[in-house]
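Colleague: only geometry, no sequence info:
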């Protein structure tokens, strides 16, 4: 019995620890509800990422969500006024459940761009 316990202890101590990361995946979807498929990441992929992008204004605004496994953590948050792009990452299984990254179109930037364009047009016309 002692020999068995020693062998079992040696096997446990020498066994390679397996840490499988699972992420939700989808590609360019309109809704987070379409991003509920799970995927076992490759051993070298250590992060789950969620990329959320918006473009347009008012009722014509479009949203896109992409979720995947990733080797690195490319967190970004870019806002161009009429378009915005955000990527968040996390490192525990199924941690990229939410599709709501915190990006919003900045209407002040849009208004400033329109006013600037009008000033340029009016100056050229004079």
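Modeller: Yep, that arrived. Note that this is a predicted model, so its numbers are computed, not measured. Numbers count the residues shown, from 1 in each chain.

Colleague: quick check: mean pLDDT across the helix or strand where residue 86 lies?
Modeller: With elements taken from DSSP states H and E, the one containing residue 86 is strand 83-90. Taken as a whole, strand 83-90 has a mean pLDDT of 93.

Colleague: Adjacent strands (with direction) for it?
Modeller: Sheet pairing of strand 83-90 (DSSP bridges) gives strand 47-55 (antiparallel), strand 76-79 (antiparallel).

Colleague: Look up how far residue 66 lies from residue 48.
Modeller: Residue 48 sits 12 Å away from residue 66 when distances are taken as C-beta to C-beta, to the nearest Å. Glycine gets a C-beta too; all of them are placed from N, C-alpha and C.

Colleague: all strands of this protein, in order?
Modeller: In the chain, the segments counted as strands under DSSP state E are 22-29, 37-40, 47-55, 62-70, 76-79, 83-90.

Colleague: out of the ones you listed, nearest to residue 96?
Modeller: Residue 96 lies closest to strand 47-55 among the strands of the chain, at 3.9 Å (C-beta to C-beta).

Colleague: and the angle from that closest one to strand 22-29?
Modeller: Using axes from the mean of the first three to the mean of the last three C-alpha atoms, to 10 degrees, the inter-axis angle of strand 47-55 relative to strand 22-29 is 20 degrees.

Colleague: what does strand 47-55 rub up against?
Modeller: Outside of strand 47-55, the residues within contact range by C-beta atoms under 8 Å, 6 or more residues apart in numbering are 21, 23-24, 41, 61-74, 82-96, 98-101, 103, 105.
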